[in-house]
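Novice: I would like the atomic coordinates for the input below:
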Amino acid sequence: MSEAKQLAIVLTSVIAIGIIGLALAQYIPSLLAGDVVVKEYNATLYLNGTLIEDYVYEIKEPGKYRMLYRIWDAPVSLSDLNQPYIEVLDVKAPEGSIGYVKDYEGRVWAPSNIEDIRNLAELNEVGCFNPNKFDSGIYEVEYVFRVHPPVECDEELCHVNLKLADEHLPYLSVSLTLEDG
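Specialist: As a prediction, the model looks like this:
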């Protein structure tokens, strides 16, 4: 077999494996994701520090989950702190659930079910609570924050470190937008 023919076989094999890999990469995350996934995550950060996050959660198993939420590494507060923190402005919860905040000190803000939320939620958690548990389906939650991140500056530039996610559900689609106006 000539070198040209061997090279053609190798290149064809590599291209075929690449195409198969790309095709599988589209489907494997949703197969391995579990009962709840973040089907879509859209975040818009404005220069004034306002962050609007739109989570589209997909629950596959009915009657198992009562909370959809996000957790911050930074302190969450509804009032000013003298350190970097996340200020909660609004939580728009799906019908049948209530929005809540559990801040960095363990205080809970919610219109009802405060004890349940206090016992179940972690510190620096913002989310929605359904006392009757969620059915299977798609649920959209909008979070509005004002972020007060740590800013590091040298003589020329400033650097902002903002961690939007760390450990959480699998994200199947992510969109981040920085608005300058």
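
Novice: enumerate every residue touching residue 67.
Specialist: Residue 67 makes contact with 120-121, 127-130, according to CB atoms under 8 Å, 6 or more residues apart in numbering. Where you see a C-beta, it was placed from the backbone N, CA and C, and this is true even at glycine.

Novice: next step: those restricted to strands.
Specialist: 127-129 (DSSP state E).

Novice: present those as JSON lines; the columns should include neighbour count, distance to residue 113 and pLDDT.
Specialist: Shown next, in JSON lines, are the ones in strands among the contacts of residue 67 (neighbours: other CB atoms under 10 Å; distance: CB to CB, whole Å; pLDDT from 0 to 100):
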{"residue": "127", "neighbour count": "26", "distance to residue 113": "12", "pLDDT": "97"}
{"residue": "128", "neighbour count": "24", "distance to residue 113": "11", "pLDDT": "97"}
{"residue": "129", "neighbour count": "22", "distance to residue 113": "6", "pLDDT": "97"}
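
Novice: could you point out which element follows the worst-scoring helix or strand of the chain on mean pLDDT?
Specialist: Ranked by mean pLDDT, DSSP states H and E, the weakest helix or strand in the chain is helix 3-32, scoring a mean of 72. Per DSSP states H and E, the first helix or strand lying C-terminal to helix 3-32 is strand 36-46.

Novice: can you report how many residues lie near residue 73?
Specialist: Using other CB atoms under 10 Å, the number of residues around residue 73 comes to 11.

Novice: check what pLDDT residue 71 gets.
Specialist: You'll see residue 71 listed with a pLDDT of 93.

Novice: residue 33 too?
Specialist: 57.

Novice: out of the ones in strands among the contacts of residue 67, which comes closest to residue 2?
Specialist: Lowest distance from residue 2 to the ones in strands among the contacts of residue 67 (CB to CB) belongs to residue 127, with 63.7 Å.

Novice: excluding residues flanking it in the chain, which one is nearest the closest one?
Specialist: Ranked by CB to CB, 6 or more residues apart in numbering and with sequence neighbours excluded, the top spatial neighbour of residue 127 is residue 69, at 2.6 Å.

Novice: pretty sure the one you found sits against residue 123.
Specialist: No - using CB atoms under 8 Å, residue 69 is not in contact with residue 123, being 11.9 Å away.

Novice: neighbour count winner among the two?
Specialist: Neighbours around residue 69 and residue 123, counted as other CB under 10 Å, are more numerous at residue 69. The numbers are 23 against 14.

Novice: can you show me the CA trace of the strand or helix carrying the more buried one as PDB?
Specialist: Following DSSP H and E, one finds residue 69 within strand 67-71. What follows is strand 67-71, C-alpha atoms only, in PDB (Å, rounded to 0.1, in the frame of the first residue of the first chain):
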ATOM      1  CA  MET A  67     -36.300  23.600  45.600                       C
ATOM      2  CA  LEU A  68     -34.700  25.100  42.500                       C
ATOM      3  CA  TYR A  69     -31.800  27.400  43.500                       C
ATOM      4  CA  ARG A  70     -28.400  28.900  42.900                       C
ATOM      5  CA  ILE A  71     -25.600  29.200  45.500                       C
END
